[in-house]
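Participant: Whatever this is, show me its structure:
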Amino acid sequence: MEELQATDLIANLAELRNNAKYSDLQIKSHGETFKVHRIVVCSQSAVLDRECNGDFSEACNGTIEHTMFDSITMDRMLKFMYSGCYDVDAHEDAPMASVLVAHVHVCAIAEYYDVTRLKDLAAENFKAAARDFEVERFIEVVQAVHQHTPAVDTGIRPLLSALTVEHLDHLLDDNDFVNAISHEENGLHTYLIDLLRAANVRYEQSSRGHNEDRTNAEAYANHLGARHEEAQEYRKTLQKELSLMQQVLARAVELVNGTAACKKCGKCFAAELEKESQLCRSNNRVTSTRFVVRLVGKVMRLLNTAGQ
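Facilitator: Got it, this is the predicted structure:
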């Protein structure tokens, strides 16, 4: 029920933006006018709140002039304020760079107007759009980030540096990228510094992962060595038990064959145990010894006579 009410509230708020009847503030940006509601936009932006409630002309005439970002970026920020999201419409064949630059501009306008939740969302959208990486026009993304975001940035700049390091082998084959970062007049020296830091972080992470893998491998090798020693000891024990059993069996056969008659009834045994010369073998190793019962002496002659 609460989720349904929240959904209805967001829908009503989004619809309110399309209705200028109760708007009490307008923002002009590059020839386009956006009629908005102070209670909506000022509650989410400390900058707009100061402009509308301080000793600024905006507080008197109810109009804010914005020139830093284009009207499309302004529209995306306002849509977020009313709905909690924004769209970057791109054709299927649109280059990745244009989509990323759009998210950079949203992140920058959010920084400018101090809309933290929008800045976080723009960084998430930037990261998601960069999954299908393209070298083409990537330098435009770099220039947009370093033109519109602060040097100490925890949003998109770290993502840009990590993305560059990840695809550096391909980027270094792109002449536009290499030429742009090589010229001092382009002002990308901070980008190179960020790039070195990101590369160092990646190297340290890789080294830690390598050390962990080596430690795990050594531990597993030690485990296998211990198990091998246990197996060797168990094998020795089995060999001793087998040798003892063979001795007992040999002694039993010797006693049976050395006894001519039953000690209780006095009757003669009609057979004896004989060890076969042929041994059972498996993979060229002796697995067991076979014994057969042989009829002996008078019993054999009686059986032969009866057979006649």
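Participant: alpha carbons only for contacts and neighbour counts from here, please
Facilitator: OK.
Participant: What mean pLDDT does stretch 31-41 get?
Facilitator: Computed over stretch 31-41, the mean pLDDT rounds to 92.
Participant: and it, which residues are buried?
Facilitator: Within stretch 31-41, the residues that qualify as buried are Phe34, Lys35, Val36, His37, Arg38, Val41, counting by 16 or more other Cα atoms under 10 Å.
Participant: Can you tell me the SS state at the first one?
Facilitator: Spelled out, that is Phe34. Under the three-state scheme (DSSP: H, G, I helix; E, B strand; the rest coil), Phe34 adopts strand.
Participant: was I right about it contacting Gln26?
Facilitator: Yes. Phe34 sits in contact with Gln26 when judged by Cα atoms under 8 Å, with a separation of 5.4 Å.
Participant: start to end distance for stretch 53-70?
Facilitator: With Cα to Cα, to the nearest Å as the measure, stretch 53-70 spans 25 Å from end to end.
Participant: Point out where the stretch 101-250 of the chain drops to low pLDDT.
Facilitator: For the stretch 101-250 of the chain, the stretches flagged by pLDDT under 70 are 184-190, 192-225, 248-249.
Participant: residue boundaries of the strands in the stretch 1-150 of the chain?
Facilitator: In the stretch 1-150 of the chain, the strands defined using DSSP state E, counting those that start in this stretch lie at 25-29, 32-36, 63-66.
Participant: would Cys265 count as being in a strand?
Facilitator: No. The assignment for Cys265, made by three-state DSSP, is coil rather than a strand.
Participant: number of nearby residues for it?
Facilitator: Look at Cys265: counted by other Cα atoms under 10 Å, it has 7 neighbours.
Participant: So it versus Glu254, what's the distance?
Facilitator: Cys265 sits 21 Å away from Glu254 when distances are taken as Cα to Cα.
Participant: Domain parsing of this protein, as residue ranges.
Facilitator: According to automatic domain parsing, the chain is divided into the following domains: 2-207, 268-308.
Participant: Next up, the contacts around the nearest residue to Gln44 once chain neighbours are set aside.
Facilitator: Setting aside the residues directly before and after it, Gln44 is nearest to Val115 in space (Cα to Cα, 6 or more residues apart in numbering), at 6.2 Å. Applying Cα atoms under 8 Å, 6 or more residues apart in numbering to Val115 gives the contacts Gln44, Ser45, Ala46.
Participant: Which ones among those residues lie within helices?
Facilitator: Members of the contacts of Val115 lying in helices (criterion: DSSP state H): Ala46.
Participant: May I see the ChimeraX selection of the buried members of the contacts of Val115?
Facilitator: Once 16+ other Cα under 10 Å is used to decide burial, the buried members of these can be selected in ChimeraX as follows:
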select :44,45
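Participant: Name the nearest of the contacts of Val115 relative to Ala108.
Facilitator: Distances from the contacts of Val115 to Ala108 were compared by Cα to Cα; the smallest belongs to Ser45, at 13.6 Å.
Participant: tell me which residues in stretch 82-98 are buried?
Facilitator: Applying a neighbour-count criterion of 16+ other Cα under 10 Å, the buried positions in stretch 82-98 are Tyr82, Ser83, Tyr86, Pro95, Met96, Ala97, Ser98.
Participant: dump the residue contacts of the fourth one.
Facilitator: It stands for Pro95. Glu134, Glu136, Arg137.
Participant: now these as TSV including distance to His228?
Facilitator: Putting the contacts of Pro95 into TSV (distance: Cα to Cα, whole Å) gives the following:
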residue	distance to His228
Glu134	52
Glu136	56
Arg137	58
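Participant: Please enumerate the helices of this structure.
Facilitator: Secondary structure of the chain (DSSP H): helices at 2-17, 38-41, 46-53, 57-61, 71-83, 96-112, 116-129, 138-148, 156-166, 168-171, 175-182, 189-258, 297-307.
Participant: Just the buried ones among the contacts of Pro95, please.
Facilitator: Using 16+ other Cα under 10 Å, nothing in the contacts of Pro95 comes out buried.
Participant: Quick check: of these, which lies closest to Ala226?
Facilitator: The shortest distance between Ala226 and any of the contacts of Pro95, using Cα to Cα, involves Glu134 and amounts to 50.9 Å.
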